[in-house]
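Peer 1: Sequence first, then the predicted structure:
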Amino acid sequence: MQLLSILSNSRFKFFSLTFILLAASISSSAQGLRWMSESEYIAMEKASIELMENVPPSQDLSKWFPTPGDQGEQGSCVGWAVAYGVKSYLHAVERQTPPSTDDEIFSPAFVYNQINQWGCMGGSSITDALELMQSSGVATMAEFPYDETDCQLEPNGDVKASATDYTIEGWKRVEFFNEGLMKTLLVQGNPVVIGMQTDSWFVKLEEGEVYRVASNRRGGGHALVVVGYDDRRGAYKVFNSWGTDWGTDGYGWIAYDLFVEVVREAYILENSETVVRKKTKKQGKPSEDESYVIEYIDQAILPKK
């Protein structure tokens with residue numbers, strides 16, 4: 001009886017250790033997405049636009065994004081996707097200047113520090129982040145820097161007041177399984193925030209590699225931004241928050257067919273910042289062939305013809 005007890009305890013310890021090692025391998029890069037319930041997600045208003053009949057074979061919006069950052073050990077991926085990623089993109093296109101300085105890039109900490117509920121490893125939902133950005137806006141990195149060792153610090157009154165200049169009008173869910181819709185949105189200048197399940201293979205994605213097959217051992221939820229696509233690769237291009245050593249300078253590729261298996265949520269943001277035109281010290285000018293205008297038709301950002 002005593003021997004049986006010892007063997008049972010040994011098996012328990014072995015399997016516990018195996019589980020811990022497996023979890024660690026999947027979570028070696030922090031994530032932090034909390035899912036909506038399926039019923040809540042389906043009840044949201046969906047993006048509805050006229051699909052383009054002939055989309056180009058590729059599209060890439062990454063020029064208007066900041067250099068991919070690193071969320072470190074915090075579960076702050078949602079803040080990195082919606083604030084650092086998409087809001088910085090919208091601001092850059094509105095100003096016609098690719099983001100390069102902290103006063104042109106938006107703070108993931110401003111969002112995450114106000115909506116995380118379970119400490120620095122606890123995640124947050126995409127819709128909680130979007131609701132905050134709709135009601136309160138978001139501060140720049142210059143005003144509220146990201147500190148991966150401190151997720152409890154909240155912005156003071158001055159920072160919150162400044163953030164109200166940078167709100168969003170709203171958002172819509174995207175039927176991410178509709179490839180024609182995804183491509184139309186991207187061609188029209190709409191990056192798509194996604195929530196997906198990751199695994200150890202995705203965590204270890206290398207330069208130029210396309211994520212084509214998921215392992216049976218799925219990890220937690222992670223928020224990223226779809227910034228383009230390439231039919232030659234048969235894949236979407238995604239903006240991540242695991243630093244520039246991951247994938248190709250912080251970007252990765254997810255095959256079209258796998259994308260619909262691993263993604264569970266997708267959203268486009270509707271910007272309201274066009275009413276705010278602040279002068280900044282560094283106001284770059286785009287070259288003639290890079291000139292863009294913003295036409296708010298279905299909240300799309302359309303290239304100038």
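Peer 2: The structure has been received and is ready for your questions.
Peer 1: And residue 220, which helix or strand is it part of?
Peer 2: If you go by DSSP states H and E, residue 220 is part of strand 218-230.
Peer 1: ranges for the strands of the stretch 201-305 of the chain?
Peer 2: In the stretch 201-305 of the chain, the strands defined using DSSP state E, counting those that start in this stretch lie at 210-211, 218-230, 235-239, 251-255, 263-271.
Peer 1: rewinding a little: over the strand holding residue 220, what's the mean pLDDT, rounded is fine.
Peer 2: For strand 218-230, mean pLDDT is 92.
Peer 1: And for stretch 38-52?
Peer 2: Taken as a whole, stretch 38-52 has a mean pLDDT of 93.
Peer 1: Alpha carbons only: can I get that stretch in PDB?
Peer 2: Provided in PDB are the C-alpha atoms of stretch 38-52 (Å, rounded to 0.1, in the frame of the first residue of the first chain):
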ATOM      1  CA  GLU A  38     -19.400  33.300 -28.500                       C
ATOM      2  CA  SER A  39     -22.900  34.700 -28.000                       C
ATOM      3  CA  GLU A  40     -21.500  38.200 -27.000                       C
ATOM      4  CA  TYR A  41     -19.200  38.200 -30.000                       C
ATOM      5  CA  ILE A  42     -21.900  37.200 -32.500                       C
ATOM      6  CA  ALA A  43     -24.300  39.900 -31.100                       C
ATOM      7  CA  MET A  44     -21.800  42.700 -32.000                       C
ATOM      8  CA  GLU A  45     -22.400  44.800 -35.100                       C
ATOM      9  CA  LYS A  46     -20.300  43.400 -38.000                       C
ATOM     10  CA  ALA A  47     -18.400  45.200 -40.700                       C
ATOM     11  CA  SER A  48     -20.400  45.300 -43.900                       C
ATOM     12  CA  ILE A  49     -18.800  46.700 -47.000                       C
ATOM     13  CA  GLU A  50     -19.000  46.100 -50.700                       C
ATOM     14  CA  LEU A  51     -16.400  43.500 -51.600                       C
ATOM     15  CA  MET A  52     -13.900  44.500 -54.300                       C
END
